[in-house]
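Chemist: Just a sequence and a predicted model for now, questions to come.
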Amino acid sequence: MEQRGIIKLALKAGQTLLLGIKLQFLFLLFTLAGGIVLGIFPALAASAKIILRRIVEPADATDSMFGDQRNTFAALYQEFRQFYRQSFWEFNGIGYIGAAAVGVLLVDLAVNKAWLHSPMIQYGLIVLLTMAMLYWLYAFTIYARYSLRFWQYFRQTLIISVAKISNTLAIIISSILATGLLVIFPMLTFVALVPLYLTPVVWFSYQSCQHVEAVMQHAAE
């Protein structure tokens, strides 16, 4: 029988939570498999890839009661492992270059505040740091959606991150709301921390990708 109303909503919520728990477990498993240092970035990239696929290709109506067959643990494990392996070295490079940029800018801000006391340098560094943080809001979705050369990911991320500021604000607001949800339900920290933050990031950054793609398609016609 077709499920409707509150029953359908409860089933969907349960399926979503279960998917989040599985993704959290796989993220931790593959982060450890990469020795943490080399595992965390490709594990995050694989998590974002799976979330993006579920957004772009939602489950069929026939899966409404028992869940998407792609989300069985065996199928999810294979999908996660495949993209983790594909992205391992490349996204480690992308991730650590981005992390190094943020680290250098933070050190420069501290040095300027302690010794140089230059307002112009301070404002310039804040602008650069803001751009670096925007990079992290979009990097996972850009990498999951496009097949580009290594340095092209940085350019594409910069373009899309500033294409629609409303989506960037939505990501920030949703991250604040996710933090509030974790405060109310701290158990989610252990079972669904990564998908709870990644899902709105991927969702809204994907909307920006679609916006830029539509503009480019319109310009080409």
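Modeler: Thanks, I have the structure now.
Chemist: any idea how far T179 is from the spatially most central residue of the chain?
Modeler: Nearest residue to the geometric centre of the chain (C-alpha atoms, centre = their mean): L198, 4.2 Å. Distance, L198 to T179, by C-beta to C-beta, to the nearest Å: 14 Å. Backbone N, C-alpha and C define where each C-beta goes, glycine included.
Chemist: List the buried residues in the helix or strand bottoming out on mean pLDDT in the chain.
Modeler: Ranking every helix and strand in the chain by mean pLDDT, DSSP states H and E puts helix 5-33 at the bottom, with a mean of 88. Of all the residues in helix 5-33, those buried under the rule 16 or more other C-beta atoms under 10 Å are 15-16, 19-20, 22-28, 30-31.
Chemist: Let me have those in CSV, adding distance to L106 as columns.
Modeler: CSV is the format used below for the buried residues of helix 5-33 (distance: C-beta to C-beta, whole Å):
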residue, distance to L106
Q15, 40
T16, 35
L19, 35
G20, 31
K22, 34
L23, 30
Q24, 28
F25, 32
L26, 31
F27, 25
L28, 27
F30, 28
T31, 24
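Chemist: Of all pairs in those residues, which one is the farthest apart?
Modeler: By the measure C-beta to C-beta, Q15 and T31 form the most distant pair in these, at 24.4 Å.
Chemist: on that earlier part again, angle of the one helix or strand the residue nearest to the centre of the chain maps to against helix 5-33?
Modeler: Assigning secondary structure by DSSP states H and E places L198 in helix 188-220. Counting by axes from the mean of the first three to the mean of the last three C-alpha atoms, to 10 degrees, helix 188-220 lies at 100 degrees to helix 5-33.
Chemist: on that earlier part again, give me the pLDDT value at the residue nearest to the centre of the chain.
Modeler: Here the pLDDT value assigned to L198 is 96.
Chemist: what bits of this protein have low per-residue confidence?
Modeler: Within the chain, the ranges that satisfy pLDDT under 70 run 1-5, 60-67, 221.
Chemist: For it, just list every one of the helices.
Modeler: In the chain, the segments counted as helices under DSSP state H are 5-33, 40-56, 73-111, 119-145, 152-161, 165-184, 188-220.
Chemist: okay, those helices, which one's buried deepest?
Modeler: Looking across these with neighbours counted as mean count of other C-beta atoms under 10 Å, the highest average goes to helix 40-56: a mean of 22.
Chemist: Give me the contacts around that helix.
Modeler: Under the contact criterion C-beta atoms under 8 Å, 6 or more residues apart in numbering, helix 40-56 has outside partners 19, 23, 26-28, 30-31, 34, 68, 70-71, 76, 79-81, 83-84, 87-88, 91-92, 94-96, 140-141, 143-145, 194-195, 198-199, 201-203, 206.
Chemist: Tell me what angle that helix forms with helix 188-220.
Modeler: Interaxial angle, helix 40-56 versus helix 188-220 (the same axes, to 10 degrees): 60 degrees.
Chemist: Work out the gap between helix 40-56 and the centre of the chain.
Modeler: Here helix 40-56 is found 7 Å from its chain centre; the criterion is C-alpha atoms, centre = their mean, to the nearest Å.
Chemist: Could you measure from R85 over to R53?
Modeler: Taken as C-beta to C-beta, the span from R85 to R53 is 16 Å.
Chemist: ugh, wrong one, I meant E213
Modeler: Counting by C-beta to C-beta, the gap from E213 to R53 is 17 Å.
Chemist: same deal with A144?
Modeler: Taking C-beta to C-beta, one finds A144 at 8 Å from R53.
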